[in-house]
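**Student:** Here is my input, please return the structure:
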Amino acid sequence: MSSKFSTVRYSSGGEHFEILVHPDPALEFKFGKNIEVSQVVAVDEVYSDANKGLRIPAEKLTKIFKTNDFLQIAEVILRKGDLNLTTEQRRRLVEEKRKQIVATISRNYVDPRSGLPHPPLRIEQAMAEVRLTIDPFKDVNEQTKMVIDLLRGILPLKSERIKMLVKVPAQYSSQSFGALKGVGDIVKEEWGSDGGLTVIIEIPAGVHSTLLDRLGSLSKGTAQASVIR
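**Tutor:** Below is the predicted model of the structure:
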């Protein structure tokens, strides 16, 4: 097999199938991007072992996949099979997932001793200590739960949400409302006759400081925000 290609492996009914693909288009296809199968496959053959060049007979493919159209067969293998990532692809995806997990923890959890979010660097150091393995394809939220369970032994973590009362003058209300919707759940909103905005919003405690900075920037320091019970 050429080092320029990757393999997608799929097993069904006790049979094993492999196709050769272009690495980056294949990865984009697996992530749901609208790419033609013909742009993904590198060789119009289905193998039982691509490394050895062992092809599967056409009659067996027709029997199993109910078609003799290679692209239709390849699409099934692409969608249901496992893509063998290149070293660079795996490194990049794992790093992206790691950053997303760190950001999720920093956003939604605080140090119960101080009530403040842990700095991202401290979370990354704790993750390195527990030597966890990040799956490049697995859902971030699902992996975050696993990471939190592992980290609790060395890093105090508390999930906490707070409510804030926010008031924004009319000239800054529209853009501020958009920012508010992006960080939490709007519990109540009131628009004054002059266009001013009053909102009660529930947010993760970890984004409190970030939200204050964002509101201050959008409203030129005129917004008022306070934590309420």
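
**Student:** model confidence over the strand or helix carrying Ala74, on average?
**Tutor:** Ala74 belongs to helix 70-80 when assigned by DSSP states H and E. The pLDDT scores in helix 70-80 average 96.

**Student:** quick one: strands adjacent to whatever helix or strand comes next after that helix?
**Tutor:** Proceeding N to C from helix 70-80, the next assigned helix or strand is strand 82-83, under DSSP H and E. When pairs are called by DSSP bridges, strand 82-83 turns out to pair with strand 6-12 (antiparallel).

**Student:** Give me the residues contacting the helix or strand following the strand it pairs with.
**Tutor:** Following strand 6-12 in sequence order, the next helix or strand is strand 15-21 (DSSP H and E). Strand 15-21 is contacted from outside by 1-2, 5-11, 40-43, 45-50, 56, 60, 64, 74, 77-78, 81, 83, using Cβ atoms under 8 Å, 6 or more residues apart in numbering. All C-beta spots, glycine's among them, are computed from the backbone N, C-alpha and C.

**Student:** Tell me how many other residues surround the residue nearest to Pro117 when sequence neighbours are not counted.
**Tutor:** Excluding the flanking residues, the one nearest Pro117 by Cβ to Cβ, 6 or more residues apart in numbering is Gly206, at 3.7 Å. Using other Cβ atoms under 10 Å, Gly206 is surrounded by 23 other residues.

**Student:** Would you mind measuring from Gly206 to Val187?
**Tutor:** Noted for Gly206: a distance of 18 Å to Val187, by Cβ to Cβ, to the nearest Å.

**Student:** Could you chop the chain up by domain?
**Tutor:** Using automatic domain parsing, the domains assigned to the chain come out as 6-83, 87-158, 160-228.

**Student:** Identify the residues contacting the residue nearest to the spatial centre of the chain.
**Tutor:** By Cα atoms, centre = their mean, the chain has its centre lying nearest to Val140, at 4.9 Å. Val140 sits next to 97, 100-101, 104 when contact means Cβ under 8 Å, 6+ apart.

**Student:** Need the single longest helix in this structure, by residues.
**Tutor:** helix 87-108 (DSSP state H).

**Student:** mind listing the helices for this protein?
**Tutor:** Secondary structure of the chain (DSSP H): helices located at 23-30, 37-40, 58-65, 70-80, 87-108, 120-130, 140-151, 170-181, 208-218.
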